[in-house]
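Asks: sharing a model prediction with you, sequence too.
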Amino acid sequence: MKMMKMKELLIFLSCVLCVSAEAVHESILIRGCSDSDGEDMYGLDNEEIWFADFAKGEGFDVLPPFADHPSFPGFYEGAVANQQICKSNLKLCRIGMKDLPHEEDPPSSLTIYIRDVLQMGQKNTLICHVSGFYPAPVRVHWTKNGKNVTEGTTINVPYPNRDGSFTQMSRLDFIPQQGDVYSCTVQHLALEEPLTRIYDVELTQPGVGPSVFCGLGLTVGLLGVAAGTFFLIKGNECS
């Protein structure tokens, strides 16, 4: 376990505070590497905006559809070059520190939720949000009705929290159908057993009870008004 942790340890660099006359924003640049992986990510105000996926060989803009999407020319090529520098620095750190410290914290938070309002048959995204773990990264496994659907899902690079732990989010695009059951399972070096969260696709139909009772109350009320009017007219005729 300790050797596995050592291989997954990342070196992270650079947090910058940007200040303007109108507002204060916090931007972050993360560059990291390990024996088996690497990452290069840019974020603003605790939101990831771009990251390099070295497995797929390209960079990804992860801003939501409604946001302004800046261009990132040359970012991926620069990220690849920086990986060589990072691996060299990692080697020097191991020599200077006589290998790396072994600390492990399991995820303190795991939630699963949908990105958009649920509508049956309309494309949506399930998000598995994992936070509070160290070191990075975690592994996320998805199922639909008990079958593996992990292939094709995405996961962002680990995002550092202020306490030194990390956050990651995995996304699964899906089309909701009544009764389907999805799960996300998280594995981490500090966990003896994986953590799992379930999402049941269930669109609750509005009940008819309140409408029936309201309609009945209105009918009784109208009957009462009609009866009162009838007796009022009869009383005037008798006088």
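Replies: Arrived safely.

Asks: quick one: least confident helix or strand in the chain?
Replies: Taking mean pLDDT, DSSP states H and E as the measure, the chain has helix 2-8 as its least confident helix or strand, at a mean of 39.

Asks: can you confirm Gly96 is in a helix?
Replies: Yes. Membership of Gly96 in a helix is supported by DSSP: H, G, I helix; E, B strand; the rest coil.

Asks: how about the nearest residue to Cys128 once chain neighbours are set aside, phi and psi?
Replies: Nearest non-adjacent residue to Cys128, counting by C-beta to C-beta, 6 or more residues apart in numbering: Cys184, 3.5 Å away. Backbone N, C-alpha and C define where each C-beta goes, glycine included. Note on Cys184: its backbone torsions stand at phi -120, psi 130 [degrees, to the nearest 10].

Asks: next, count neighbours for Cys184.
Replies: 25 (other C-beta atoms under 10 Å).

Asks: pull the contacting residues for it.
Replies: 110, 112, 126, 128, 140-142, 170, 172, 196-197, 199 (C-beta atoms under 8 Å, 6 or more residues apart in numbering).

Asks: what about it, distance to Pro194?
Replies: 10 Å (C-beta to C-beta, to the nearest Å).

Asks: quick check: neighbours shared by those two?
Replies: With C-beta under 8 Å, 6+ apart as the test, Cys184 and Pro194 both reach His141.

Asks: for this structure, give me the ranges with low pLDDT.
Replies: 1-23, 99-101, 204-239 (pLDDT under 70).

Asks: hey, where'd the strands end up in it?
Replies: 15-19, 24-33, 38-44, 47-53, 58-61, 109-114, 124-133, 139-144, 147-148, 154-155, 159-160, 166-174, 181-187, 195-200 (DSSP state E).

Asks: any chance of these in JSON lines, plus distance to Leu90?
Replies: Output for those, formatted as JSON lines (distance: least, C-beta to C-beta, whole Å):
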{"stretch": "strand 15-19", "distance to Leu90": "19"}
{"stretch": "strand 24-33", "distance to Leu90": "6"}
{"stretch": "strand 38-44", "distance to Leu90": "10"}
{"stretch": "strand 47-53", "distance to Leu90": "17"}
{"stretch": "strand 58-61", "distance to Leu90": "22"}
{"stretch": "strand 109-114", "distance to Leu90": "29"}
{"stretch": "strand 124-133", "distance to Leu90": "20"}
{"stretch": "strand 139-144", "distance to Leu90": "21"}
{"stretch": "strand 147-148", "distance to Leu90": "33"}
{"stretch": "strand 154-155", "distance to Leu90": "22"}
{"stretch": "strand 159-160", "distance to Leu90": "17"}
{"stretch": "strand 166-174", "distance to Leu90": "18"}
{"stretch": "strand 181-187", "distance to Leu90": "23"}
{"stretch": "strand 195-200", "distance to Leu90": "29"}
